[in-house]
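> Turn this into a structure:
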Amino acid sequence: MRILVVTTWYPSPEDPGATPFVPRHVAAINRDHDVHVVHVRLMSGAAVTEEVFNGVRVTRVGFDPRKPLSMVRAVREIRRWANFSDVVHTMAFSSALVAAPAVFGRPWVHTEHWNGVLYPDTVNRWWERAAWLRHVLRLPTLVTGVSSLMNETLTAFARTGRVRALGNVVDFGGSPERAPRNPDEIELVSVGSLIPRKGPLVAVETVSWLRERGVRASLTWDGTGPLLQTCEELAASLGVAPFVTFNGFREPAGVQQDLARADVFVLPTKSETFCVAAAEALAAGCPVVMGDRGGQRDFVTDSNGRLVHTRSAQDYARAVMEVVDGEGMASPQELAREIRARYGVDAVVEQLNALYEEARSLARVGAR
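Numbers count the residues shown, from 1 in each chain. Predicted coordinates:
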């Protein structure tokens with residue numbers, strides 16, 4: 001089939017690390033179908049450009065409500081490509097809002113990734129007041145969420161009986177074989193943006209709490225963001241700066257190396273839609289300790305990690321020690337086997353193919 005992906009979240013040459021889960025879905029689609037991506041650049045008046053990015057044809061176009069002509073241009077470009085496609089697949093909530101005028105009435109699958117659809121209170125007050133816009137999700141033929149928690153929320157906004165599951169693609173490499181660790185030394189790893197919701201300050205405090213009690217803990221954080229300087233200052237004030245490393249943006253191979261070396265993946269997050277980073281940690285045989293609010297509840301269990309209710313360094317440290325102790329924990333090989341079978345590319349490709357067939361069938365029935 002010819003699949004048009006419309007998304008406001010997509011990497012580019014100037015920002016290659018943006019939202020990795022969307023291009024992974026695109027790569028999965030591209031395995032069995034002819035895919036074209038329209039990347040709508042929000043709050044930009046940029047003209048239309050075309051390129052091949054990571055082996056996929058991508059059209060980029062600006063969309064700025066302050067510049068009405070840019071909005072007209074973007075809708076026209078989406079409609080142009082939709083007319084040559086068998087199915088339109090929008091990814092992330094803002095993409096559905098932008099694409100709706102151009103694709104409504106066609107076979108349309110929407111995949112929701114945005115945490116703000118689940119928890120409007122985690123975004124800002126403006127979105128809390130405007131969250132009724134989620135009813136736009138009644139327009140697509142099928143709506144998919146990347147976790148059971150997301151799908152429960154989507155049922156309130158999508159057409160009755162039109163919500164389906166679609167797993168994130170979990171990227172992994174190498175073997176989950178791990179060398180024996182010194183129980184008195186704990187290497188923690190975190191992957192994510194340095195923003196308040198991800199809890200990097202709590203992660204630094206967790207290292208301090210452990211070291212104050214004689215545990216030689218260290219932390220590597222892969223990712224950057226506005227809290228970098230604050231995190232570094234906190235680590236210095238707590239006396240743990242030599243034991244906390246902020247790597248900034250890391251290529252996937254580098255992240256996998258860090259996961260392979262670590263004893264525990266730690267993310268004191270306030271909420272997650274899915275948390276690909278945690279799933280990738282499990283795929284590397286690394287157990288997970290993270291917040292309990294979000295889609296990660298689908299795959300983080302007492303046999304592969306801990307979900308922590310509070311954002312307390314003490315509680316995170318104790319959860320880390322429980323995981324390191326190993327009682328009731330699956331082996332690294334078992335951790336990796338389960339998550340790879342559930343979220344590997346083969347499983348996701350099967351889901352995508354079934355979604356597109358169903359969307360076309362439902363659209364044909366609706367057209368009669």
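> following the strand or helix carrying residue 340, which helix or strand comes up?
Using DSSP states H and E, residue 340 sits within helix 332-343. Note on helix 332-343: by DSSP H and E, the next helix or strand toward the C-terminus is helix 345-367.
> Give me the angle between that following helix and helix 332-343.
Using axes from the mean of the first three to the mean of the last three Cα atoms, to 10 degrees, one finds that helix 345-367 and helix 332-343 are set 20 degrees apart in direction.
> so how far is helix 345-367 off the chain centroid?
On the basis of Cα atoms, centre = their mean, to the nearest Å, helix 345-367 is displaced by 22 Å from the centre of the chain it belongs to.
> which residues are in contact with that helix?
1, 3, 24-25, 27-29, 31-33, 86-87, 106-109, 141-142, 144, 162, 164-169, 341 (Cβ atoms under 8 Å, 6 or more residues apart in numbering). C-beta coordinates here come from the backbone N, C-alpha and C atoms, glycine included.
> dump the residue contacts of residue 97.
Contacts of residue 97 by Cβ under 8 Å, 6+ apart are 133, 136.
> Ignore what I typed, I meant residue 123.
115-116.
> gap between the closest residue to residue 54 other than its chain neighbours and residue 11?
Spatial nearest neighbour of residue 54, excluding adjacent residues (Cβ to Cβ, 6 or more residues apart in numbering): residue 23 at 6.5 Å. Between residue 23 and residue 11 the distance, using Cβ to Cβ, to the nearest Å, works out to 6 Å.
> element containing residue 57, please.
Per DSSP H and E: strand 56-63 holds residue 57.
> quick revisit: just checking, the residue nearest to residue 54 touches residue 10?
Yes: under the criterion of Cβ atoms under 8 Å, residue 23 makes contact with residue 10 at 6.7 Å.
> what's the neighbour count on the residue lying closest to residue 114 once chain neighbours are set aside?
Using Cβ to Cβ, 6+ apart and skipping the chain neighbours, the partner closest in space to residue 114 is residue 93 (4.6 Å). For residue 93, the number of neighbouring residues by other Cβ atoms under 10 Å comes to 21.
> and residue 93, what is it in contact with?
When contacts are counted by Cβ under 8 Å, 6+ apart, residue 93 touches 112, 114, 116-117, 134, 137.
> Can you flag which of those belong to helices?
Counting by DSSP state H, the part of the contacts of residue 93 found in helices is 116-117.
> just the contacts of residue 93 now: which is nearest residue 192?
Comparing those against residue 192 with Cβ to Cβ places residue 114 closest, at 15.6 Å.
> Got phi/psi on the closest one?
phi -80, psi 130 (degrees, to the nearest 10).
> Report whether residue 37 is found in a strand, as I expect.
Yes: the assignment for residue 37 is a strand, going by DSSP: H, G, I helix; E, B strand; the rest coil.
> Where does residue 236 sit: helix, strand or coil?
On the basis of three-state DSSP, residue 236 is classed as helix.
> Tally up the residues packed near it, please.
Residues near residue 236, counting by other Cβ under 10 Å: 13.
> swap in the one 5 residues further on?
Residues near residue 241, counting by other Cβ under 10 Å, number 14.
> For it, list the residues it contacts.
Residue 241 touches 232, 235, counting by Cβ under 8 Å, 6+ apart.
> so where's the stretch 101-250 of the chain shaky on pLDDT?
173-181, 183 (pLDDT under 70).
> hmm, try it at 80
Low-confidence segments of the stretch 101-250 of the chain, defined by pLDDT under 80, span residues 171-184.
> All the strands of it, in order from the start?
108-112, 142-145, 163-165, 185-191, 216-222, 244-248 (DSSP state E, counting those that start in this stretch).
> Got the confidence number for residue 76?
For residue 76, the pLDDT comes out at 97.
> and it, what is it in contact with?
So residue 76 contacts residue 102 (Cβ under 8 Å, 6+ apart).
> can you state the direction angle for the one helix or strand it maps to and strand 56-63?
Residue 76 belongs to helix 68-82 when elements are defined using DSSP H and E. Angle, helix 68-82 to strand 56-63, by the same axes, to 10 degrees: 150 degrees.
> mind listing what's buried in stretch 97-115?
97-100, 102-103, 106-115 (16 or more other Cβ atoms under 10 Å).
> Work out the gap between that stretch and the centre of the chain.
That offset, for stretch 97-115, works out to 18 Å (Cα atoms, centre = their mean).
> Equivalent analysis for stretch 132-143, please.
20 Å.
> same question, stretch 61-77
Put simply, stretch 61-77 sits 27 Å off its chain's centre (Cα atoms, centre = their mean).
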